[in-house]
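Sharing a sequence plus its predicted fold:
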Amino acid sequence: MALLQIAEPDLSGNPHQHNIAIGIDLGTTNSLVATVRSGEATVLVNHDGCKLIPSIVNYGKETQIGSQAATLRSTDPSNTIVSVKRFMGRSFADLDTTIRYPYKFVNSSGLIQIDTAQGVKNPVEVSADILRYLRNMAVEALGEEPTGVVITVPAYFDDAQRQATRQAGELAGLNVLRLLNEPTAAAIAYGLDSKNEGTFLVYDLGGGTLDVSILSLTKGVFEVLAVGGDTHLGGDDFDHRLSCYIMEKAGLSQLNDEDSAILLINAKKIKEQLSQSEKASFSVVLSTKRLVNFVITRTEYENLVRHLVQKTLLPVKKALRDAKLDKDQIDEVIMVGGSTRMLLVRQMVGELFGREPLTSINPDEVVAIGASIQADVLVGNKKDDWLLLDVTPLSLGVETMGGLVEKIIPRNSTLPIARAQDFTTYKDGQTAMTVHVVQGERELVKDCRSLAKFTLRGIPQMVAGQARIRITYQIDADGLLSVSAKEMMTGVTSSIEVKPSFGLSDEQIGAMLQESISNANHDMQVRLYQEAVVDAQALIDSVEKALYLDADLLTEEELSQINNAIMKLKITLAKAPDDYAQLTNKIKQQTDDLNQISSNFANRRMDKAIHHALSGRDINEVADKI
Ligand code: AMP
């Protein structure tokens, strides 16, 4: 998502110097690191010759990472952290309580932490340990410290998740050049970026999840049009289906845990074999001494799992609908994830789109390869002008009455972007308006960051609420924000340019997001209170003005009823808020009362105004004007 970048100017280096850059696919289950050598992207191996590094960290006596940590999963589960990616940038309240985790979570001011034998660890630290391992792997393989790294993230990652990933990279001592969306990385690996135009669908079927993304490439800029998938559908479901079938065929029922695991492992093995051969078999002795011999053909297996593949096509169709695209408008379909090695998956996805999906690059490696190609460009080894779309890290808004923030551009909007909204005046005869530009997720101006202020003058005198002032926020591809305010009747305009995010460090952005999560409830109550105060004050102002002009239209009793209602409301408004919700309800109730009590008065004033407008005029002349 984002933005138009391009080789970082300060990293372009001299033309003869080759900078080492790496791309990291920081996966939920496994991670990979790749680099471009002599123009070729290659996935690096560790000292055991492995490319796929399990994203697992054990904090027992020593810190173990990767396959060594994986072996400790069953013996030391409470200190062995798996799938930490699911916790990145998430608050404690986001934890899925239906899952039974083997570790002890700690709620640290709303953030997730895990208690281990080596002390409390947060998801950023755990990810940093995995990234440090991958960095060391790269240093060992390349004999040099990398100049910079590109780390991939799912397209659906929000700003907090992206920030957490970036922080993990920095904590691991890496120079994070950019975070790249996983589907975009896959498209880059297939060289689709060189096409300049196109719409691509990335179908990523791993062990446990399906991710579907639709990307559009316009003038070299990738943009995510839609994301979707199923967080509970992947290769594991195929293993389960096959192992149930094996039990059925072998006449087995009620297996113990150990035998269930044995069958599942064998089912997975033969499932993978069937991607290469027409037939697969295994022979195993269960703990009950029962011998199981099993043979299956690819056709038999495919008939067994066809409904699962069919199920994966539902999120694909939904993503197409979300992107408002027809399947014929997809130029290429890219296959990512180990389960796309299944021939039936390739065939059924191919049939849906009427074209062969791209499968020539190893589906486990394609994301890391794309990341390394991007990193190579960013450190200046390739002089292409590459554009990547970026997003706004925090919302941008404008101050409205009562010190409230009206968000104009929500955070995570893809750049470049322009959004306009109409505002109006608060007081009768108001001829100027201050536009206060703020950044942040909180509801009150005082809790957000003030970016700029300017004044629009020359608004023609009108009654409150009649003027229309259009405020436009525009962020260009480089992140430069310009704000303009235009009075729509006269066209008078005033504007300002601001740099929105560059003044903020990642820590500040992270802290602001964190605050917005922990204060969301309180902020909303304060916002509702302020809105009620503004509405009440506006009603008091207008009724008092009407009384000043037309009190003679009321009887003594009516006048005193209205004055009483105003007085009661003023007393309530003057109260310091203790319980915001309670006070808001009271203000709203009393505002409604005043509205009701003064409604007859408003009607009489209207009649008087009409009478005044009509008096002494020819009825035909008036009719002409209507
Ligand atoms: P990933 O999460 O992308 O690493 O994918 C892991 C899933 O891919 C597991 O369910 C594997 O069983 C599956 N997988 C790996 N290789 C094959 C293969 N040759 N045929 C079918 N599925 C495979």
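Structure's in. What do you need?

Now the residue in the stretch 51-200 of the chain positioned nearest to the ligand: closest residue in space, sequence neighbours ignored.
Nearest residue of the stretch 51-200 of the chain to the ligand (C-beta to the nearest ligand atom) works out as Leu52 at 6.9 Å. (C-beta placed from N, C-alpha, C; glycine too.) Counting by C-beta to C-beta, 6 or more residues apart in numbering, Leu52 lies nearest to Asn30, which is 4.4 Å off, once chain neighbours are set aside.

Could you tell me how far that neighbour is located from Lys51?
Noted for Asn30: a distance of 9 Å to Lys51, by C-beta to C-beta, to the nearest Å.

can you list residues touching both of these two?
Asp364 (C-beta atoms under 8 Å, 6 or more residues apart in numbering).

check contacts around the closest residue to Pro363 other than its chain neighbours.
Residue nearest to Pro363 in three dimensions, not counting chain neighbours: Thr340, with 4.8 Å by C-beta to C-beta, 6+ apart. Going by C-beta under 8 Å, 6+ apart, Thr340 touches 203-205, 346, 357, 359, 363.

Among the residues you listed, which pair sits farthest apart?
Spatial extent of the contacts of Thr340 (C-beta to C-beta) is set by the pair Asp204 and Arg346 at 13.5 Å.

So for the two, which residue has more residues nearby?
The neighbour comparison of Asp204 against Arg346 (other C-beta atoms under 10 Å) goes to Asp204, with 25 against 19.

OK, contacts around that one?
182-183, 186, 210-213, 229, 336-337, 340.

Burial check on Ser281, number of neighbours?
Neighbours of Ser281 (other C-beta under 10 Å): 12.

Name every strand pairing with the strand or helix carrying it and say which way it goes.
Assessed by DSSP states H and E, Ser281 sits inside strand 279-285. In the sheet containing strand 279-285, the strands it pairs with under DSSP bridges are strand 291-297 (antiparallel).

Name the next helix or strand downstream of the strand it pairs with, please.
As assigned by DSSP H and E, the chain's next helix or strand after strand 291-297 is helix 298-322.

which of the residues in that next one are buried?
Going by neighbour count (16 or more other C-beta atoms under 10 Å), the buried part of helix 298-322 is 298, 301-302, 305, 308-309, 312-313, 315-316, 319-320.

Which residue comes closest to Ser494 once chain neighbours are left out?
Nearest non-adjacent residue to Ser494 (C-beta to C-beta, 6+ apart): Leu456, at 4.3 Å.

Contacts only, for the one you found.
432-433, 435, 469, 485-487, 492-494.

quick check, nearest of those residues to the ligand?
Lowest distance from the ligand to those (C-beta to the nearest ligand atom) belongs to Val435, with 49.2 Å.

Assumed Val534 was part of a helix.
Yes. With DSSP: H, G, I helix; E, B strand; the rest coil as the criterion, Val534 is assigned to a helix.

What about it, how many residues nearby?
16.

and if you look at Leu111?
For Leu111, using other C-beta under 10 Å, the count is 19.

For the residue of the stretch 301-450 of the chain found nearest the ligand, which non-adjacent residue is closest in space?
Nearest to the ligand, among the residues of the stretch 301-450 of the chain, is Gly338, at 2.3 Å (C-beta to the nearest ligand atom). Nearest residue to Gly338 in three dimensions, chain neighbours excluded: Asp364, at 5.6 Å (C-beta to C-beta, 6+ apart).

Could you count how many residues lie near that neighbour?
By the measure other C-beta under 10 Å, the count of residues near Asp364 is 20.

Quick check: residues of this structure near the ligand?
29-30, 206-207, 234-236, 268, 271-272, 275, 337-339, 341-342, 364 (C-beta under 6 Å from any ligand atom).

And the contacts of the host helix or strand of Val149?
For Val149, the enclosing helix or strand under DSSP H and E is strand 148-153. By C-beta under 8 Å, 6+ apart, the surrounding residues in contact with strand 148-153 are 11, 19, 21-26, 131, 135, 161-162, 165-166, 169, 174-182, 185, 367-368, 370-372, 374-375, 378-379.

Show me which of these are buried.
11, 19, 21-26, 131, 135, 161-162, 165-166, 169, 174, 176-182, 185, 367-368, 370-372, 374-375, 378-379.

Can you list which of those are found in strands?
21-26, 176-181 (DSSP state E).

Looking at the contacts of Asp204, which is nearest Ile417?
Ser213 (19.9 Å).

Flag the least confident of the contacts of Asp204.
Within the contacts of Asp204, pLDDT reaches its minimum at Gly229, with 89.

next one: whichever strand or helix holds that one to chain centre, how far?
Element membership for Gly229 (DSSP H and E) is strand 221-230. Distance of strand 221-230 from the chain centroid (C-alpha atoms, centre = their mean, to the nearest Å) equals 11 Å.

ditto for stretch 33-43
How far stretch 33-43 lies from its chain's middle: 30 Å, per C-alpha atoms, centre = their mean.

Distance check, Leu539 against the ligand.
Distance of Leu539 to the ligand, computed by C-beta to the nearest ligand atom, to the nearest Å: 60 Å.

wait, is that residue part of a strand?
No. Applying three-state DSSP, one finds Leu539 to be helix, outside a strand.

residue contacts, Lys104?
Lys104 touches 78, 114-115, counting by C-beta under 8 Å, 6+ apart.
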